[in-house]
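S.K.: Here you go, sequence then predicted model.
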Amino acid sequence: MEIFFEYVIKVLEVVGVTIIVLGVLKMLLVFTTCAVKRISPAELIPQIRIDLGNYLVLSLEVFIGRDIIETLLDPSLNDIIILVVLVLLRTLLAFFLNYEIAHMRKKELPTMLGKKQ
């Protein structure tokens, strides 16, 4: 059974990294498309940041799940302390990313779309 969870951990690592890579590739594709079509990327930067932030938040949640499973397999006091610190840091990072995304949606996107607040 432990071997199964080791595979699950490896899969979650790959999934987390893949999510980040997909977010960055999407961002680069949009940016490159703007350059080719001679569209100012400044108009799309808020939406690009929101999209990339969502990818990063999702990957952080996957990594937290991976860390929890990994610690449950061999729970020493040191591993549990490290897990708590990692989960707190990643949760804070996810919180602030979500806050920034929500703030951008509220402030920058209506302005970008020409809507009054």
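M.R.: On my side now, so go ahead.

S.K.: where does the protein have its least confident helix or strand?
M.R.: Least confident helix or strand of the chain, by mean pLDDT, DSSP states H and E, is helix 77-112 with a mean of 80.

S.K.: Please pull up the helix or strand immediately following the host helix or strand of Val11.
M.R.: Secondary structure assignment for Val11, by DSSP states H and E: helix 2-36. Where DSSP H and E defines the elements, the next helix or strand beyond helix 2-36 is helix 45-73.

S.K.: Show me what the mean pLDDT comes to for that following helix.
M.R.: Helix 45-73 comes out with an average pLDDT of 87.

S.K.: do the same with stretch 30-38
M.R.: Rounded mean pLDDT across stretch 30-38 is 84.

S.K.: which other residues reach stretch 18-35?
M.R.: Residues from elsewhere that reach stretch 18-35, judged by CB atoms under 8 Å, 6 or more residues apart in numbering: 39-41, 44, 48, 51-52, 54-56, 58-59, 62. All C-beta spots, glycine's among them, are computed from the backbone N, C-alpha and C.

S.K.: sorry, that was for stretch 65-76
M.R.: Applying CB under 8 Å, 6+ apart, the contact partners of stretch 65-76 are 2, 5-6, 8-9, 12-13, 16, 79-80, 82-83, 86-87.

S.K.: Just send the residues you listed back as a markdown table, with neighbour count and distance to Tyr99 too.
M.R.: Formatted as a markdown table, the contacts of stretch 65-76 follow (neighbours: other CB atoms under 10 Å; distance: CB to CB, whole Å):
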| residue | neighbour count | distance to Tyr99 |
| --- | --- | --- |
| Glu2 | 7 | 38 |
| Phe5 | 13 | 33 |
| Glu6 | 13 | 35 |
| Val8 | 15 | 31 |
| Ile9 | 16 | 30 |
| Leu12 | 19 | 25 |
| Glu13 | 14 | 27 |
| Gly16 | 19 | 21 |
| Asp79 | 15 | 30 |
| Ile80 | 12 | 28 |
| Ile82 | 13 | 26 |
| Leu83 | 17 | 24 |
| Leu86 | 15 | 20 |
| Val87 | 15 | 18 |
